[in-house]
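**Student:** Make a model of this:
(one chain, ligands or ions: 3)
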Amino acid sequence: MSDPVYLAVALDVPLPGLFDYAHDVPVAPGVRVRVMFGRRAMIGMVWAVRQQPQVAPDKVRAIESVLDDLPPLPDDWLRLAGFAARYYHHPLGEVVLPALPPSLRKPSAYTGARSAGGPVCRADRRPGGRQPRRAASAPGTVAGAEAAAGSPDAARGQAPQLTAHQQAALARLQALLSGGHGVALLHGVTGSGKTELYLRLAQQVLAQGRQVLLLVPEINLTPQLEQVVRGRLMPDAAAGAPGLAIMHSRLSEGDRLRAWLRVSRGEASLLLGTRLALMTPMPRLGLIVVDEEHDASYKQQDGLRYSARDLAIWRGHDLGIPVVLGSATPSLETWRHAQEGDYQYVSLPERAQTQPLPDIRLVDTRRAQLEQGFTPQLLQALEARLRQGEQSLVFINRRGYAPVLRCPSCGWVSQCRQCTAHTVVHRASGRRAVLQCHHCGDTQPVPRACPDCGDQDLQPMGRGTQRVEEFLAEHFPQARIVRIDADATRRKGSAEALFAQVHAGQADILVGTQMVSKGHDFAGLGLVGVLNADAALFAQDFRAPERLFAQLMQVAGRAGRRAAGAQVLVQTDYPDQAVYQALCRHDYSGFAQASLAERQDLGLPPFSSQALLTAQAPRLADALDFLLAVRDCAASLPEAAGVRLYDAVPLRVVRVARVERAQLLLESTRRPALHRLLNALLPRLDALAGSAALRWGIEVDPQDI
Ligand code: ADP
Ligand code: ZN
Ligand code: ZN
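**Tutor:** Residues are numbered from 1 along each chain as shown. Ligands and ions are numbered 1, 2, ... in the order given. Sure, this is the predicted structure:
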């Protein structure tokens, strides 16, 4: 009998390191194996072959089987996953396996992908029926996309004549294409025709037989873009040539697997997707485009808290291929790179079509007579657009009916039982109003009387999209009003249906959250009214003004794409704030310059790197004690030199779902110093934590502080 070989296997368990298993022959890194972990069967991925196990050989179990349904994951993919694990200080197995489509990492869902005719996907049979059912022709699914390709819409695949600015920008981006790795920031005002440039670049790369990865922030943006891409770049798709793949979190497991397989086998040459598409193997990748690169949704907020934009840049560098970042309001990190010359700066200063940017005005609410939060000015403007048959958008970044329910007699306010947060009044048509917690999701019926004093006249305070919709319907009974927010679009396909209604001109007033602000090209929109923007001015997070500016620029950019005379009215109590002043001038660079100067003075990113350690425990005191111990421990390490340790503080919403949370921020002007400290510190944390009830997590480059 020959000696066993030892395989170091990555498993999706919250433990650092790799796990040794024995086998009789070596297995290549990047191959999935089925193993027993404790009493559980799991899918792991071979990471390395070892001569000697790291535990006693008689303790090493044999693997159950080698899954040979797929070729090994390619080297560059393994490098990317390895980098992500190191950079984000996250267990390798928790990086590698979640990066695969779910069907490839479940012991029960062996795919048999090698069999003739493509994958036979057990995941399609969803035990328990927990997956949303796929509407037969929902756009965004493979089936929907193919249906769309046959529609007359996709036939308008005419390339427009580029504007002079576009031509100049394209020439500079093309130079990038021929030069190996490089990053370009395509800074173009809203409506400047960035998409057209992505298409031209993609076309050129596809013509060389290479693949293109096009990342977008929002699932809801994929259908519109998908049609354009299909019409322009995949003229043969209707004839069955599989050129385009779509990937986002609303795909069924089966569709996600099929898209992943087609891309990783090189059968699909263009992958359009949200952040989770970044980790797809692409054997001939030649270009990565990150549209709206500043968008917060590129950041994963649980598990591996990665930035898809940052990993895209690393991947481009690793592969020696260009990366194009597009935005009207680049993140300050990216802006600084462009200023320092690390990234090429390419700008589109004007809209592609002759329409000017909308006129943005502030409406001072301090002395105004408000009606349900609306100034007379905004109501008159809405009225005027209605008369002219133009669409309007009322933007309020708060969903639900009202942010809190209050008792006027005793001051009682509705609170979540499990969180330190108010519950939000939700009123869906035809159903009883409920109180919902936006942190834990807990839902309660609205009480008929005040639980403290019995007063029956409980009042909703403030307003969200539902209340705005209700008020507008009363105020403008003749208007067709469409609300688009996370609640209205929960069912699969409903977002597409609502957007289609707006695009088809079957809506007069659109009420929406940030969901409508991104990317959408609303042809008939003449007016945007912004309510409640001020809340963001006084947020603790140092990035709040940057986000507010980007969001308002984006939402303003939805207006006037076809017709001149478009207007944006921003209601505010603070018209003198720099953010608003810059907004009215459409002055991104002025705003960025001032913000960067401020950040530099305070030593904040991008002039420093940060990592955020969060701790959760049933009692806040335990979370804080742990972080204090961590802080002491860190301070005692030689690696702490050059790293600033902030105080441990409770999170703004301390308790969520009965767990209390605190955080400790670490910061350094030198990124390597920060990572050295984390490498020295993190292995000691479990011992410091002591009890299993205390959980901790680390986030590198945190976006919400
Ligand atoms: P951005 O992504 O920069 O906000 P889009 O790519 O959505 O802008 O373009 C805005 C609009 O201008 C789209 O309707 C697009 O079809 C149109 N467009 C882009 N380039 C041209 C061009 N060269 N000529 C005419 N229309 C164009
Ligand atoms: Zn009361
Ligand atoms: Zn709650």
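**Student:** where exactly do the strands run in the stretch 51-200 of the chain?
**Tutor:** 61-62, 65-66, 182-188 (DSSP state E, counting those that start in this stretch).
**Student:** which of those strands is buried the deepest?
**Tutor:** strand 182-188 (a mean of 24; mean count of other CB atoms under 10 Å). In short, each C-beta sits where N, CA and C put it, glycine included.
**Student:** contacting residues for the spatially closest residue to A184 that is not a sequence neighbour?
**Tutor:** Sequence neighbours aside, Q344 is the residue nearest to A184 in space, at 4.3 Å (criterion: CB to CB, 6 or more residues apart in numbering). If a contact means CB atoms under 8 Å, 6 or more residues apart in numbering, then Q344 has R172, L176, G182, V183, A184, L185, A338 as its contacts.
**Student:** Which one of these is nearest to A328?
**Tutor:** Nearest to A328, judged by CB to CB, of the contacts of Q344 is L185 at 11.4 Å.
**Student:** Just give the number of residues close to whichever residue of the stretch 451-600 of the chain sits closest to ligand 2.
**Tutor:** Across the stretch 451-600 of the chain, the shortest distance to ligand 2 (CB to the ion) belongs to C453, at 3.4 Å. The local packing count at C453 equals 11, with neighbours defined by other CB atoms under 10 Å.
**Student:** check contacts around it.
**Tutor:** Listed by CB under 8 Å, 6+ apart, the contact set of C453 reads C407, S409, C410, W412.
**Student:** Mark which of the residues you listed are buried, thanks.
**Tutor:** When the contacts of C453 are checked for burial by 16 or more other CB atoms under 10 Å, the buried set is C407, W412.
**Student:** and stretch 430-443, does that touch ligand 3?
**Tutor:** Yes - Stretch 430-443 reaches ligand 3 (CB under 5 Å from the ion) through C437, H439, C440, D442.
**Student:** among these, which are in strands?
**Tutor:** Cross-referencing the residues of stretch 430-443 next to ligand 3 against strands under DSSP state E gives no overlap.
**Student:** which regions of the stretch 601-705 of the chain sit below the pLDDT cut-off?
**Tutor:** Segments of the stretch 601-705 of the chain classed as low confidence (criterion: pLDDT under 70) are not present in this model.
**Student:** just to revisit the earlier point, of the contacts of Q344, closest to ligand 3?
**Tutor:** Sorting the contacts of Q344 by distance to ligand 3 puts L185 at the head of the list, at 39.7 Å, by CB to the ion.
**Student:** So the closest one versus ligand 2, what's the distance?
**Tutor:** Distance of L185 to ligand 2, computed by CB to the ion, to the nearest Å: 55 Å.
**Student:** With adjacent residues omitted, what lies nearest to that residue?
**Tutor:** Excluding its sequence neighbours, the residue lying closest to L185 (CB to CB, 6+ apart) is A338, at 4.4 Å.
**Student:** what comes into contact with the helix or strand where the one you found lies?
**Tutor:** When secondary structure is defined using DSSP states H and E, the element that contains A338 is helix 332-340. Around helix 332-340, the neighbours that count as contacts under CB under 8 Å, 6+ apart are 183, 185, 187, 293-294, 325, 327, 330, 343-345, 546, 592, 595-596, 599, 605-606.
**Student:** thought D622 was touching L694?
**Tutor:** Yes - counting by CB atoms under 8 Å, D622 sits close enough to L694 to count as a contact (5.9 Å).
**Student:** how far is the helix holding A338 from where the chain is centred?
**Tutor:** Computed by CA atoms, centre = their mean, to the nearest Å, the chain-centroid distance of helix 332-340 equals 21 Å.
**Student:** C-terminal to it, what's the next element?
**Tutor:** For helix 332-340, the following helix or strand on the C-terminal side (DSSP H and E) is strand 344-348.
**Student:** Buried residues, that next one. List them.
**Tutor:** Along strand 344-348, the positions that meet the burial threshold by neighbour count (16+ other CB under 10 Å) are Q344, V346, S347, L348.
**Student:** what's the closest of those residues to L199?
**Tutor:** Proximity of the buried residues of strand 344-348 to L199 was ranked by CB to CB; the top entry is L348 with 14.2 Å.
**Student:** Got the confidence number for that closest one?
**Tutor:** You'll see L348 listed with a pLDDT of 96.
**Student:** repeat for G140
**Tutor:** If you check G140, the pLDDT there is 36.
**Student:** Repeat that for D302.
**Tutor:** 88.
**Student:** ditto for R134
**Tutor:** R134 is assigned a pLDDT of 33 by the prediction.
**Student:** Farthest-apart pair in the residues of stretch 430-443 next to ligand 3, please.
**Tutor:** For the residues of stretch 430-443 next to ligand 3, the maximum inter-member distance is 8.6 Å, found between H439 and D442 (CB to CB).
**Student:** got any residues that touch both of those two?
**Tutor:** Common contact partners of H439 and D442 (CB under 8 Å, 6+ apart): C416, C419, A657.
**Student:** Go through the residues you listed and say which is closest to ligand 1.
**Tutor:** Relative to ligand 1, the closest of the shared contacts of H439 and D442 is C419; by CB to the nearest ligand atom it sits at 37.8 Å.
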